[in-house]
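In: Structure of the sequence below:
(one chain, ligands or ions: 1)
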Amino acid sequence: MAAVGVLALQGSFNEHIAALARLGVKGMEIRKPEQLQNVTSLIIPGGESTTMAKLAEFHNLFPALREFVKMGKPVWGTCAGLIFLADKAIGQKTGGQELVGGLDCTVHRNFFGSQIQSFEADLPVPELACKEGGPETFRGVFIRAPAVLEIGPGVDVLAECPVPSTNVLYSSSAVQIQEENSVPEEKVIVAIKQGNLLGTAFHPELTADTRWHSYFLKMASEAGEGTSSRSVVPAGGVDLSYDGKPRIDLPIFQ
Ligand SMILES: NC(=O)CC[C@H](N)C(=O)O
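Out: Take a look at the predicted model:
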């Protein structure tokens, strides 16, 4: 089976490993550049991107991470991980921070505000419902979350989130105004995919719904096809969950 790495410097790496375990997949903790050679895909968890960047720099991980992305290996960044994967970030601390890059987008690091403005929202994710089944929406857990402000031409938008009217911090061409029942609703992009790179501004690893993990494992499996006869996804596209159904319970943290 293809090996999935989880960057384990800081943040919610244990929760990602637990989510993978619920799908019967072992996530390998990655702390050193050479460990990336043992995995075929990588999850970069949420946490605090400045701290994570400092630790990644200390462990000399940036060149290996960039190489991993350049080789076209599947990488999924959640929250701080999305910031890591973005080509450009705004709202950074003084002095900025190093990014891995690869996702042709600009993110705002704390788009939704500070820790106390964290929230949960049911997001329509047609691509996820189509590929993984289950409900049309996914419970997004946003913790001091970033958002995607601009995307390049090769980037697909997988989910958008209404912007709470009290904390509109930024507007750009990617933040759309929608007229619905004459009440304008601003939306911002919170999940994107570009080739083998996936980015979510929220934390699927903090919910019991494993569909994003299953979706990423399928991405990884498809990317690995041709190089390996063994696949994460059983033939016929059978679901990866223990009981054959996506888990759609309420989030672990409510
Ligand atoms: N939950 C998170 O990963 C928050 C990310 C945070 N906004 C940062 O800059 O790192």
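In: Packing partners of the longest strand seen in the chain?
Out: Ranked by residue count under DSSP state E, the longest strand found in the chain is strand 183-194. Using 3 or more Cβ pairs under 8 Å, 6 or more residues apart in numbering; DSSP states H and E as the contact test, the elements touching strand 183-194 are strand 103-108, strand 147-151, strand 156-162, strand 176-180, strand 197-200. (Glycine included, C-beta is placed from N, CA and C.)
In: does any bit of that strand sit next to the ligand?
Out: No: Strand 183-194 is not in contact with the ligand by Cβ under 6 Å from any ligand atom; minimum separation 12.3 Å.
In: Can you give me the buried ones in that strand?
Out: 186-194 (16 or more other Cβ atoms under 10 Å).
In: angle of it against strand 156-162?
Out: Note on geometry: by axes from the mean of the first three to the mean of the last three Cα atoms, to 10 degrees, strand 183-194 and strand 156-162 are set 150 degrees apart in direction.
In: returning to what we had before: any chance of a markdown table for the helices and strands packed on strand 183-194, columns mean pLDDT and distance to residue 41?
Out: As requested, these are arranged in a markdown table below (pLDDT from 0 to 100; distance: least, Cβ to Cβ, whole Å):
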| stretch | mean pLDDT | distance to residue 41 |
| --- | --- | --- |
| strand 103-108 | 97 | 15 |
| strand 147-151 | 97 | 21 |
| strand 156-162 | 97 | 18 |
| strand 176-180 | 47 | 32 |
| strand 197-200 | 98 | 10 |
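In: Need the winner for burial among those strands.
Out: Comparing the helices and strands packed on strand 183-194 by mean neighbour count (mean count of other Cβ atoms under 10 Å), strand 197-200 ranks first with a mean of 28.
In: Now do that one: everything it contacts.
Out: Here strand 197-200 makes contact (Cβ atoms under 8 Å, 6 or more residues apart in numbering) with 69, 74-79, 81-82, 85-86, 102-103, 105, 140, 148, 158-159, 190-193, 212, 215-216, 219.
In: Also stretch 99-108?
Out: With Cβ under 8 Å, 6+ apart as the criterion, stretch 99-108 contacts 44, 53, 62, 65-66, 69-70, 75, 77, 82-91, 146-155, 169-170, 172, 192, 194, 197, 199, 201.
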